[in-house]
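Asks: got a predicted structure here, sequence first:
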Amino acid sequence: MRRSRQGLVALLAALVVAATLSFTLGRYPVTTGTVFELLAAKLAGADSQVPPAAETVVMLVRLPRILAAMVVGMALALGGTAYQTIFRNPLASPSLLGVSAGAGFGASLALTLHAPSLLIQAAAFAGGLLAVGLSLAFNRLFGSRSMITLVLCGLVAAALFEALIAIIKYFADPLEVLPAITFWLMGSLAKVTTTTIISAAGPLAVCGLVLYLLRWRTNALALGDQEAAALGVEVRLTRLLVILSATFMVAITVSIGGIIGWVGLIIPHAARMLFGLDPDRTYPATALLGALFLLVVDDIARTMGSVEMPLGVLAAVIGAPVFLVLLSRTRQAVWA
């Protein structure tokens, strides 16, 4: 237990260090001293001696993006943990019920209509919820309570919205709209603002709190419905709350930064490998690892060249070999 607490403290310290260094990365040079001076002045409500250009870069450009990377990383990782546990499938990810495809369709439609940024985010969020609603409706139509049937319905919904995205891209303006849709679908935090983070922080915090409070009941569901019911778990209610909370989190993150894969798949495995299956340790570790991973990936994406690399693409490039390493170090499946 003591070693686990020390590991969590080490992860938190690594996240703080990475966030601090992230302020200094970019074409405009900013020192850590300047960052600390500016942040301290803002917190104290005093005037700083930092040049206006540096203040603009730190407060309006890099701070929102750093916060967005950490928040999105946490949400995707926690959503992946919830999905993998509730569906008893180590390969489950936040896109399992078509959330990512539905959100991509909503954003693509809004971009085609030349909607402003806030409406694009709202359309992505609505599309993600619509995809999950269709998955649940299909499952209810078949009158099935099987998780396998629900997953298959999710795959059908995802395929449907991916086809709709393809249709939109086919008819979109190839000079203006199509590049915007393609870039958004590949994931990016370049257009995130402080307002975006503030509006998303509340719902994400509520959903994350629900997942944390239900952590033991969720783990009991991994044993099977009958075993969980014997332990006093409200199986249907717990499963519904977990799926809805994880879905809300993923839909919000997609509306913020587009489709970013692999985080919800590999981070839960890494957390379980490092901290075991105790949810009291696994959930905080998953959140910290997700924030740290996506923050580092975003730093690389915006500094590796003269043109910014799409975040979703780079996350896949880094995530695929990381996942292979995790598989090589795990001789048997976690959910045997």
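Replies: The structure has been received and is ready for your questions.
Asks: distance from the host helix or strand of residue 229 to the middle of the chain?
Replies: Secondary structure assignment for residue 229, by DSSP states H and E: helix 225-230. On the basis of Cα atoms, centre = their mean, to the nearest Å, helix 225-230 sits 30 Å off its chain's mean C-alpha point.
Asks: report the buried residues of that helix.
Replies: Within helix 225-230, the residues that count as buried by 16 or more other Cβ atoms under 10 Å are residue 228. Glycine gets a C-beta too; all of them are placed from N, C-alpha and C.
Asks: just stretch 108-124 next, same as before
Replies: Buried residues in stretch 108-124, counted by 16+ other Cβ under 10 Å: 108-112, 120-124.
Asks: contact partners of it?
Replies: Contact partners of stretch 108-124, identified using Cβ atoms under 8 Å, 6 or more residues apart in numbering, comprise 103-104, 106-107, 127, 165, 168-169, 172, 177, 180-181, 184-185, 191, 196, 251, 254-256.
Asks: taking the centroid of this protein, which residue is nearest it?
Replies: Central residue of the chain (Cα atoms, centre = their mean): residue 76, 2.5 Å from the mean position.
Asks: where does that residue land on pLDDT?
Replies: Per-residue confidence at residue 76 stands at 94 (pLDDT).
Asks: could you do residue 14 as well?
Replies: 95.
Asks: next, count neighbours for it.
Replies: A count of nearby residues for residue 14, using other Cβ atoms under 10 Å, gives 14.
Asks: separation between it and residue 298?
Replies: The gap separating residue 14 from residue 298 is 16 Å, by Cβ to Cβ, to the nearest Å.
Asks: equivalent analysis for residue 245, please.
Replies: Distance, residue 245 to residue 298, by Cβ to Cβ: 25 Å.
Asks: what of residue 150?
Replies: Distance from residue 150 to residue 298, by Cβ to Cβ: 33 Å.
Asks: ok, these two, which is more surrounded?
Replies: Regarding residue 150 and residue 298, a neighbour count based on other Cβ under 10 Å identifies residue 298 as having more, with 30 against 23.
Asks: nearest residue to the more buried one in space, ignoring adjacent ones along the chain?
Replies: residue 69 (4.3 Å; Cβ to Cβ, 6 or more residues apart in numbering).
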